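A.B. asks: One predicted model, sequence on top.
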Amino acid sequence: MDSSVLIESFAEFAKFKNIDRPTMMRILEDVFRTMIRKKWSTDENFDIILNVEKGDLEIWRNREIVDDNSEDIWDDDKIALSDARKIEPDFEVGEEVSELVKLEDFGRRAVLTARQTLIQRVKDLEKDLLYQKYKDQVGEIISGEVYQVWNREVLILDSEDNELLIPKSEQIPKDRYRKGDVVRAVVQRVEIINGNPKIILSRTSPQFLERLFEGEVPEIFDGLITIKKIVREPGERAKVAVESYDDRIDPVGACVGMKGSRIHTIVRELENENIDVINYTDNMELYIQRALSPAKISSIKINEETGRASVFLKPDQVSLAIGKGGQNIKLASKLVGLEIDVFRETEEFDEDIDLTEFSDEIESWVIDELKRIGLDTARSVMAVSKEDLVRRTELEEETVEDLLNIIRQEFDSEESNN
């Protein structure tokens, strides 16, 4: 193979892969020096001259001329006088001779191996560049086009046709993907799997919501408002605690915007996820009160040793504090960093049933466990999801299912009697 063909084909391939000229030159020289070391054991006395644009390659072997009877005659960097004079008849001992080495001198197999090595080095470099590019963008939002949808993940192509993945666990449950759709997500992490970079995107990460706020609220982007913490149930509800460093700026109003103009854009991006923007405060009681909004709280007791907060509310406020499926209290607990237990202020309601009235069907220790987390009536228990009851109590899933069935049957029988 002619050296110009090898150089030109490599240069064309490297340019296609967006490899810059200095890197291209370094790869070429590395590969040719490897070929030299395989043939002559050392490359120290060789010069390589490359011109990628013209496809020129020159390899020069430099040797010192020694007497024909010298002990050094077999050294790689020495040449016998008689051999040197075959190149130039007027050479003398002690002079240096430079001899041009042609690509053909390495043999056909070595040249073909070099060609494969060059291509592989560019592919490896391309993987390194991709890894470094996205490693520096972890936590940042990017856009891409949906290329393929599988059950467990979605393949996204960026503007350079690099492959990115959104696993099922990082998708908002309401997300629906079709080929060609443009999707925005945050770069969650970058991994090397079997030598190949794997870029994982996320639409469920709190960072995704944070970046969306930065994009829509200039005061956050400029640092006048800080996002202290974000907690999410992706696609359902989120709570965002914000703080302003300028007394003249209302952080909640700035985030929501005129007639909700700013936050509506974010809500639509998150498949109508309800977002509660909360004014952050160091006053923990006030923070809990704001976190449990819209419920009106009567009083709060905080036990920092156990990491729990007991919140007392009027009966009509309990379901508001707990929220649909227990989402409000679960997110509020995560936001303030305390496990919040809701307690109903003593007031009887005809339509609700005190748990003690189920003592014939539900064991007393189970009732005590429910009361421990503030659930003392049948309706307050029904307002919490089964998963949340299992998470917040010491009860097993089977026990929770049994007690929920008992309570439901009681209400069903009451309704049928009415």
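C.D. replies: Right, received. Where do you want to start? Numbers count the residues shown, from 1 in each chain.

A.B. asks: With adjacent residues omitted, what lies nearest to the residue most central in space within the chain?
C.D. replies: With distances taken as CA atoms, centre = their mean, residue 188 lies nearest the centre of the chain, 0.5 Å away. Of all residues not flanking residue 188 in the chain, residue 202 sits nearest, at 3.9 Å (CB to CB, 6 or more residues apart in numbering). In this view, the C-beta of every residue, glycine as well, is placed from N, C-alpha and C.

A.B. asks: need the contact list for the one you found.
C.D. replies: 166, 170, 185, 186, 188, 208 (CB atoms under 8 Å, 6 or more residues apart in numbering).

A.B. asks: can you redo the residues you listed as a markdown table with secondary structure and pLDDT?
C.D. replies: Formatted as a markdown table, these follow (DSSP: H, G, I helix; E, B strand; the rest coil; pLDDT from 0 to 100):
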| residue | secondary structure | pLDDT |
| --- | --- | --- |
| 166 | strand | 97 |
| 170 | helix | 96 |
| 185 | strand | 97 |
| 186 | strand | 97 |
| 188 | strand | 96 |
| 208 | helix | 97 |
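
A.B. asks: now the end-to-end length of stretch 280-294.
C.D. replies: End-to-end distance of stretch 280-294 (CA to CA, to the nearest Å): 16 Å.

A.B. asks: Please list the residues outside that stretch that contact it.
C.D. replies: 228-229, 239, 241-243, 251, 276, 278-279, 297, 300, 302, 309, 311, 320-321, 328-329, 331-332, 335-336, 338, 340.

A.B. asks: Report the residue spans of the protein with pLDDT below the cut-off.
C.D. replies: Counting by pLDDT under 70, the chain contains low-confidence ranges at 1-11, 13-18, 52-55, 346-350, 414-418.

A.B. asks: what domains does the record give for it?
C.D. replies: 3-126, 138-204, 206-276, 281-348, 355-416 (the TED database).

A.B. asks: For residue 132, which of these is the nearest?
C.D. replies: Closest to residue 132 of these, according to CB to CB: domain 138-204, at 9.0 Å.

A.B. asks: Centre of the chain to that closest one, how far?
C.D. replies: Distance, stretch centre to chain centre, for domain 138-204: 10 Å (CA atoms, centre = their mean, to the nearest Å).

A.B. asks: what do you get for stretch 330-350?
C.D. replies: Taking mean C-alpha positions (CA atoms, centre = their mean), stretch 330-350 and its chain are 33 Å apart.

A.B. asks: List of residues touching that stretch?
C.D. replies: By CB under 8 Å, 6+ apart, stretch 330-350 touches 229, 231-233, 237-239, 241, 276, 278, 284, 287-288, 291-292, 298, 302, 307-315, 318, 321-323, 329, 372-377, 380, 388, 392.

A.B. asks: buried subset of those residues?
C.D. replies: Listed as buried from the contacts of stretch 330-350 are 229, 231-233, 237-239, 241, 276, 278, 284, 287-288, 291-292, 302, 308-313, 315, 318, 321-323, 329, 373-377, 380, 388, 392; burial here means 16 or more other CB atoms under 10 Å.

A.B. asks: coming back round to it: any chance of CSV for the domains of the chain, columns distance to residue 132?
C.D. replies: CSV is the format used below for the domains of the chain (distance: least, CB to CB, whole Å):
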stretch, distance to residue 132
domain 3-126, 11
domain 138-204, 9
domain 206-276, 20
domain 281-348, 34
domain 355-416, 40
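
A.B. asks: moving C-terminal of the helix ranked longest in the chain, what's the next helix or strand?
C.D. replies: Longest helix in the chain, counting residues (DSSP state H): helix 108-135. Remark: after helix 108-135, the chain's next helix or strand is strand 141-149, criterion DSSP states H and E.

A.B. asks: For that next one, report the contacting residues that lie outside it.
C.D. replies: Under CB under 8 Å, 6+ apart, the answer for strand 141-149 is 154-159, 163-164, 177-187, 201, 208, 211-212, 215.

A.B. asks: please redo it, this time with the cut-off set to 7 Å
C.D. replies: With CB atoms under 7 Å, 6 or more residues apart in numbering as the test, strand 141-149 has contacts from 154-158, 164, 177-187, 208, 211.

A.B. asks: Strands along the stretch 251-400 of the chain, start to end?
C.D. replies: 274-279, 297-303, 308-313, 339-344 (DSSP state E, counting those that start in this stretch).

A.B. asks: okay if I get those as a markdown table plus distance to residue 412?
C.D. replies: Below are the strands of the stretch 251-400 of the chain laid out as a markdown table (distance: least, CB to CB, whole Å):
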| stretch | distance to residue 412 |
| --- | --- |
| strand 274-279 | 31 |
| strand 297-303 | 32 |
| strand 308-313 | 27 |
| strand 339-344 | 23 |
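
A.B. asks: for the spatially closest residue to residue 37 that is not a sequence neighbour, phi and psi?
C.D. replies: Nearest residue to residue 37 in three dimensions, chain neighbours excluded: residue 43, at 5.2 Å (CB to CB, 6+ apart). With angles defined as degrees, to the nearest 10, residue 43 sits at phi -120, psi 10.

A.B. asks: I'd say residue 43 and residue 36 touch.
C.D. replies: Yes: counting by CB atoms under 7 Å, residue 36 is a contact partner of residue 43 at 4.3 Å.

A.B. asks: Wasn't residue 79 part of a strand?
C.D. replies: Yes: counting by DSSP: H, G, I helix; E, B strand; the rest coil, residue 79 falls inside a strand.

A.B. asks: What's the separation between it and residue 63?
C.D. replies: Remark: distance between residue 79 and residue 63 (CB to CB, to the nearest Å) = 4 Å.

A.B. asks: Look at these two and report which has more neighbours.
C.D. replies: residue 79 (24 against 19; other CB atoms under 10 Å).

A.B. asks: Any idea what that one is bridged to?
C.D. replies: Judged by DSSP bridges, the bridge partners of residue 79 are residue 65.

A.B. asks: and the residue nearest to residue 67 when sequence neighbours are not counted, how many neighbours?
C.D. replies: Distances taken as CB to CB, 6+ apart place residue 93 nearest to residue 67, at 5.4 Å, with adjacent residues excluded. Other residues lying near residue 93 total 13 when counted by other CB under 10 Å.

A.B. asks: Let me see the contact set for residue 93.
C.D. replies: 65, 66, 67, 81.
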